[in-house]
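**Q** give me coordinates for this.
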Amino acid sequence: MNPANQTHVKERVTMADLAASLGLAESTVSRALRGDRRISAATRNRVLTTAEAMGYRPNAMVSALMSVRRRHGNAKEIDTIALVTDYQGEGGWRSKDVCRWEYEGICKRANQLGYRIEEFPLANFAHDATRLEKALQTRGIRGVLLGFSRERRKHLPIDIARFTVVGLSAYFNEVIVDRANFHGFYNVRLAFDEMRRLGYQRVGLVVPAFNNQISGHQWSSSALDWQWHQEEDRRCLPLIAEETQPEVEFLAWLERENPEAILVYKLPVQIWLARCRKSLPVAFLYRTQSETRSAPGIDGNLALVGAAAIDLVVEALHTNRTGVPEHPKEVLIKGTWCSSPRHSEPTKHDPCVTSVR
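**A** The predicted structure follows:
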């Protein structure tokens, strides 16, 4: 480097520089930047304001190393990641297999990285974003995972400019953040391909409209794309059933589309088929706990989705990223086709799929 140009090189602002400017110990500055409640709110705000003014950015590698060292050295230093939910009050999502599987992955990965998960149901704050933000700030919580929700809210649940926020699946999908999600498009195509391999030519998808919406319409998009590439006499349009009269819709669809086999999520098509005395093979998109023991379908690897969401939160915390990302990214986890335990290599003539007679 030309010595004449060295004066133009901007030195990186270090924590020592920041501490010297503030007249504080480096340990105090470090705790204030982490939102440690042992440091007064006034001091934390002063440190954050000065850090922004000086252009301070933490070294990602050092932050990660010190974070691990603090956690292994003192259990009290374990950071909390807030899981914000809006699903029929505090415990509604816990009755859903898909939610529990994602939650298991969330907790396991957080524990591996030295964090703990604490749920913050919006219902506990009367859906008041200000109250939720105050609770998070008072606790010194910077990492937020937007999790299980059945509501579509037009307003952000919190001011994400103040926090590191990541989205789980398509929950709170109006909020523009990095996300971890199941690969719905791939999973539907995988199931169709596997059922075609078993000998079924006309395979139809049947899913609730609400859940298809949660998937970001990946399921219906994948089904339509797959059907488009089939010969015309083998095409079977998907049924995206509304909540009002799903059985009536299903029976009309059954008569109209005449499928050879059905790929279903959540809806009790086996009961509906039995009522009308029809026999059709059924496989499941994202099998529930009871379905895994008897029927084939897609394992969405939902625990890995939860784990990937935590990876995104921790990555952003270590690099001090807050607010809306300039280029939001979405990590998609592919599912796995699982045959029925009763058959190893089923075919149309020896089906592993559950057949209602």
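**Q** can you give me phi and psi for the closest residue to residue 332 other than its chain neighbours?
**A** Spatial nearest neighbour of residue 332, excluding adjacent residues (C-beta to C-beta, 6 or more residues apart in numbering): residue 183 at 4.0 Å. C-beta here means a position set from N, CA and C on the backbone, and glycine is covered the same way. Note on residue 183: its backbone torsions stand at phi -90, psi 80 [degrees, to the nearest 10].
**Q** what's near enough to touch residue 183?
**A** Contact analysis of residue 183 by C-beta atoms under 8 Å, 6 or more residues apart in numbering lists 218, 332-335.
**Q** against residue 212, how distant is it?
**A** As judged by C-beta to C-beta, to the nearest Å, residue 183 and residue 212 stand 15 Å apart.
**Q** rewinding a little: quick check on the contacts of residue 183: which are buried?
**A** 218, 332-333, 335 (16 or more other C-beta atoms under 10 Å).
**Q** how about the helices in the stretch 51-200 of the chain?
**A** For the stretch 51-200 of the chain, the helices identified by DSSP state H, counting those that start in this stretch occupy 60-73, 97-112, 129-139, 184-197, in order along the chain.
**Q** between those, which gets nearest to residue 80?
**A** helix 129-139 (6.8 Å; C-beta to C-beta).
**Q** what is the mean pLDDT for the closest one?
**A** For helix 129-139, mean pLDDT rounds to 88.
**Q** with stretch 142-153 instead?
**A** 84.
**Q** and stretch 96-104, by the same measure?
**A** Mean pLDDT, computed over stretch 96-104, is 91.
**Q** report the distance from stretch 172-187 to the chain centre.
**A** 6 Å (C-alpha atoms, centre = their mean, to the nearest Å).
**Q** before we move on, what about stretch 244-254?
**A** Centroid displacement of stretch 244-254 relative to its chain, using C-alpha atoms, centre = their mean, is 30 Å.
**Q** only the buried residues of that stretch, if you could.
**A** Under the neighbour-count criterion of 16+ other C-beta under 10 Å, stretch 244-254 has 246, 249-251, 253-254 buried.
**Q** ok, stretch 105-113 next?
**A** For stretch 105-113, by 16+ other C-beta under 10 Å, it's 105-107, 109-110, 113.
**Q** do stretch 169-182 as well
**A** Applying 16+ other C-beta under 10 Å to stretch 169-182 flags 169-173, 175, 177-182 as buried.
**Q** stretch 233-242 too?
**A** Quick answer for stretch 233-242 (16+ other C-beta under 10 Å): 235-236, 238-241.
**Q** farthest pair in those residues?
**A** 235 and 241 (19.0 Å).
**Q** which residues touch the residue positioned nearest the centre of the chain?
**A** What sits nearest the mean C-alpha location of the chain, by C-alpha atoms, centre = their mean, is residue 168, with 2.2 Å. Contact analysis of residue 168 by C-beta under 8 Å, 6+ apart lists 102, 106, 145-148, 179-181, 305-306, 309.
**Q** turn these into CSV, columns for distance to residue 26.
**A** As requested, the contacts of residue 168 are exported to CSV (distance: C-beta to C-beta, whole Å):
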residue, distance to residue 26
102, 39
106, 33
145, 30
146, 34
147, 35
148, 40
179, 35
180, 35
181, 40
305, 39
306, 36
309, 32
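**Q** in the stretch 201-350 of the chain, which spans are strands?
**A** Ranges of strands in the stretch 201-350 of the chain, per DSSP state E, counting those that start in this stretch, are 203-208, 239-241, 261-264, 281-284, 297-299, 330-333, 336-338.
**Q** per-residue pLDDT of residue 306, please?
**A** Note on residue 306: pLDDT of 97.
**Q** returning to that earlier point: out of the buried residues of stretch 233-242, which is nearest to residue 42?
**A** Looking across those and measuring by C-beta to C-beta, the closest to residue 42 is residue 240, at 54.2 Å.
**Q** looking at the contacts of residue 183, spot the one nearest residue 204.
**A** residue 218 (17.1 Å).
**Q** correct me, but the closest one touches residue 189?
**A** No - using C-beta atoms under 8 Å, residue 218 is not in contact with residue 189; the gap is 10.1 Å.
**Q** re earlier: rebuild the contacts of residue 183 as a markdown table, extending it with pLDDT and distance to residue 38.
**A** Shown next, in a markdown table, are these (pLDDT from 0 to 100; distance: C-beta to C-beta, whole Å):
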| residue | pLDDT | distance to residue 38 |
| --- | --- | --- |
| 218 | 92 | 45 |
| 332 | 96 | 40 |
| 333 | 96 | 38 |
| 334 | 96 | 44 |
| 335 | 95 | 45 |
